[in-house]
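Asks: mind folding the following:
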Amino acid sequence: MAELKSLAKDTAIYGLSSIAGRFLNYLLVPLYTHYMPKDSGDYGVSTNVYAYTALILVILTFGMETTLFRFANDEREKPDTVFSTAFATVAMLSAVFLLLLFGFITPISNYLGYANHHEYLLMMGVVVALDALQAIPFSFLRYQKRPIRFAALKLLFIILSIGLNVVYFVFLGKTDVYYVFFINLLCTGFITLLFIPDLFKIEWRFDVSLLRRMFRYSWPILVLGIAGILNQVADKIIFPLVYPDEADANVQLGIYGSCVKIAMIMAMITQAFRYAYEPIVFAKSKDSDKNEYYAKAMKYFLIFTLLAFLCVVGWMPVLQYIIGADYREGLRVVPIVMVAEIMMGIYFNLSFWYKLIDKTIYGAWFSLAGCIVLFAVNLLFIPRYGYMACAWGGVAGYGTAMTLSYIVGQRKNPINYPLREMLLYVVLTAVLFVGATFVNEHLSQWAALAVNTLLILLFVAVLIKRDFPLNSLPVVGKYFRKR
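Replies: Numbering: from 1, shown residues only. Modelled structure (predicted):
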């Protein structure tokens, strides 16, 4: 129970930076969708370029974030040596990437469709290289259990980004997508400078022998990461390449990309949980009750993501105003994308059995299988169904990876997950979702909000009755225990 309380506390802190940061970032969505009209396709350009940078970031970090946890928790290794070896490796990969990008910018720009805008790719190339460098110090902060500094730096980046975007778009009237990338470059560079004092506190030592062992561990994670990020961004990369109307492709991609932002609350929860959970899993791997702990963590993760799902669907009559009116025709993708994100979170929870026994190759195969399914759905159905194929492709891809990981994991490292209890919450959520969807379509805005809030409270009531009795809660629990 103490570990679960620690997990909840750290998740709350990491979640504060992630959720508050994403909430502030949501403020950019109405800003962009107001100042960048749908027909300009600029928001689609932004969505497409950021999809490429997300993929490149995974390649440059080379799985070293998880690898750092694995080796820093090994009593035979010095954490500072692990950090400096990982950091130097990522720095070298980033330097090679920038040399290739600047050296071959013309053919790269021509191939990606940005022949007249080399500057977009150059700016974001520097951003992704700096992000890769930051990833290792951020991971080390998590290893050191310093969530406050972690959260402060993440929030500072978001605040700077929001502030500069408001200045440029609202006050200076700079509404071109160029300034989206330029502001990102300024903010990323500033946060990178703030890590310099931390680097001076490290006892630097590059260990070639350690690097070989780290590479053996990390390369399957790299493959897993590439497949995993492709599950998230491949649709946004593929869409302009296969959509039949080339002139309209960025417009449609902009609609999809803006609506997906609403669904990203699920990604926020998963990310916050991951930041807190990953260090604890490796630290607890030798405890006798570890499997019971993992099973409980899975159950509570699912419950709270389902609650978040219902909140987003139920309060859609208000949340829709996050994006400009011209973009709201794509809101039907939101529940589908959230289901995909829940599956991704479950897959993440299922992934630790192979990480703990150094068999990360399994994760690579599972993610690769999911990626193949996602690619197939997108390539086959985007020409006919547009961005709806993108949303369902995510469900198919994550669902494949999740199912394979569970089946093989139960053979290699059985964990007694409370499947019946989890299924009850899934069925309850499905029933309430149908009710909320009907209400959203047939009642006025405020009536729909009122009814949907009651549906959400019904879910909370079941949760309290079955798994979180009020007398077990801090502070208020004292009152109920007395009664």
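
Asks: how far away is the most centrally placed residue in the chain from Asp198?
Replies: For the chain, the residue lying nearest the average C-alpha position, counting by C-alpha atoms, centre = their mean, turns out to be Ala267 (4.4 Å). For Ala267, the distance to Asp198 equals 27 Å [C-beta to C-beta, to the nearest Å]. Placement of C-beta: from N, CA and C, glycine included.

Asks: just Phe102 next, same as before
Replies: To Asp198, Phe102 is 28 Å away according to C-beta to C-beta.

Asks: repeat for Val451
Replies: For Val451, the distance to Asp198 (C-beta to C-beta) stands at 51 Å.

Asks: so what's Gly254 up against?
Replies: By C-beta atoms under 8 Å, 6 or more residues apart in numbering, Gly254 lies in contact with 36, 38, 41-44, 46-47, 327.

Asks: which SSE is the residue lying closest to Val29 once chain neighbours are set aside in?
Replies: Spatial nearest neighbour of Val29, chain neighbours left out: Lys261 (5.0 Å); criterion: C-beta to C-beta, 6 or more residues apart in numbering. Taking DSSP states H and E as the criterion, Lys261 maps to helix 249-263.

Asks: and what of Leu374?
Replies: Using DSSP H and E, Leu374 sits within helix 361-385.

Asks: now the angle between helix 249-263 and that helix, please.
Replies: Orientation of helix 361-385 against helix 249-263 (axes from the mean of the first three to the mean of the last three C-alpha atoms, to 10 degrees) gives an angle of 130 degrees.

Asks: quick one: average confidence on helix 361-385?
Replies: Helix 361-385 shows a mean pLDDT of 89.

Asks: quick one: buried residues of that helix?
Replies: Neighbour-count burial for helix 361-385 flags 362-371, 373-375, 377-378, 381-382 (criterion: 16 or more other C-beta atoms under 10 Å).

Asks: how far away from the center of its chain is the helix or strand following it?
Replies: Moving toward the C-terminus from helix 361-385, the first helix or strand encountered (DSSP H and E) is helix 387-412. With C-alpha atoms, centre = their mean, to the nearest Å as the basis, helix 387-412 stands 16 Å off its chain's centre.

Asks: name the residues of helix 387-412 that are buried.
Replies: Neighbour-count burial for helix 387-412 flags 387-406, 408-409 (criterion: 16+ other C-beta under 10 Å).

Asks: Val408 and Gly363 touch, don't they?
Replies: No: at 10.2 Å, Val408 does not count as touching Gly363 under the criterion of C-beta atoms under 8 Å.

Asks: helices or strands up against the helix or strand hosting Ala297?
Replies: With secondary structure defined by DSSP H and E, Ala297 is part of helix 290-314. Secondary-structure packing of helix 290-314 (3 or more C-beta pairs under 8 Å, 6 or more residues apart in numbering; DSSP states H and E): helix 2-26, helix 265-283, helix 334-350, helix 419-442, helix 445-466.

Asks: avg pLDDT for it?
Replies: Average pLDDT, helix 290-314: 85.

Asks: about what we covered before: reformat the contacts of Gly254 as a markdown table; add secondary structure.
Replies: Shown next, in a markdown table, are these (DSSP: H, G, I helix; E, B strand; the rest coil):
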| residue | secondary structure |
| --- | --- |
| Met36 | coil |
| Lys38 | helix |
| Gly41 | coil |
| Asp42 | helix |
| Tyr43 | helix |
| Gly44 | helix |
| Ser46 | helix |
| Thr47 | helix |
| Tyr327 | helix |
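
Asks: export those residues to JSON lines and tack on distance to Val126 and neighbour count?
Replies: Shown next, in JSON lines, are those (distance: C-beta to C-beta, whole Å; neighbours: other C-beta atoms under 10 Å):
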{"residue": "Met36", "distance to Val126": "23", "neighbour count": "23"}
{"residue": "Lys38", "distance to Val126": "29", "neighbour count": "20"}
{"residue": "Gly41", "distance to Val126": "24", "neighbour count": "22"}
{"residue": "Asp42", "distance to Val126": "21", "neighbour count": "22"}
{"residue": "Tyr43", "distance to Val126": "22", "neighbour count": "28"}
{"residue": "Gly44", "distance to Val126": "22", "neighbour count": "26"}
{"residue": "Ser46", "distance to Val126": "17", "neighbour count": "24"}
{"residue": "Thr47", "distance to Val126": "20", "neighbour count": "25"}
{"residue": "Tyr327", "distance to Val126": "29", "neighbour count": "26"}
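
Asks: can I get those in TSV with distance to Ile238 and pLDDT?
Replies: Output for these, formatted as TSV (distance: C-beta to C-beta, whole Å; pLDDT from 0 to 100):
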residue	distance to Ile238	pLDDT
Met36	22	85
Lys38	21	79
Gly41	17	81
Asp42	20	88
Tyr43	18	88
Gly44	13	89
Ser46	17	90
Thr47	12	89
Tyr327	20	87
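
Asks: could you point out the longest helix in this structure?
Replies: For the chain, the longest helix by residue count, based on DSSP state H, is helix 208-242.

Asks: kindly list the main-chain dihedrals of Thr360?
Replies: Per-residue torsions, Thr360: phi -70, psi -10 (degrees, to the nearest 10).

Asks: who touches the nearest residue to it once chain neighbours are set aside in this structure?
Replies: Among residues not flanking Thr360 along the chain, Pro220 sits closest, at 3.8 Å (C-beta to C-beta, 6+ apart). When contacts are counted by C-beta under 8 Å, 6+ apart, Pro220 touches 63, 360-364.

Asks: looking at Pro220 now. What's its pLDDT?
Replies: Pro220 carries a pLDDT value of 77.

Asks: how far away is Met298 from Leu424?
Replies: 14 Å.

Asks: and what of Phe304?
Replies: According to C-beta to C-beta, Phe304 and Leu424 sit 15 Å apart.

Asks: flag the shaky bits of the stretch 201-350 of the chain, pLDDT-wise.
Replies: Counting by pLDDT under 70, the low-confidence segments of the stretch 201-350 of the chain come to 271-289.

Asks: rewinding a little: which one's more surrounded, Met298 and Leu424?
Replies: Counted by other C-beta atoms under 10 Å, Met298 and Leu424 do not tie: Met298 has more neighbours, with 19 against 13.

Asks: wait, the more buried one touches Leu419, no?
Replies: No: with contact defined as C-beta under 8 Å, Met298 does not count as touching Leu419 (9.9 Å).

Asks: need the residues touching each of these two.
Replies: Taking C-beta under 8 Å, 6+ apart as the contact rule, Met298 and Leu419 have no neighbour in common.

Asks: now, the most widely separated pair of the contacts of Pro220?
Replies: Using C-beta to C-beta, the two most remote members of the contacts of Pro220 are Gly63 and Tyr362, lying 14.1 Å apart.

Asks: buried set for the helix holding Ala297?
Replies: Using 16+ other C-beta under 10 Å as the test for burial, helix 290-314 gives 290, 293-303, 305-314.
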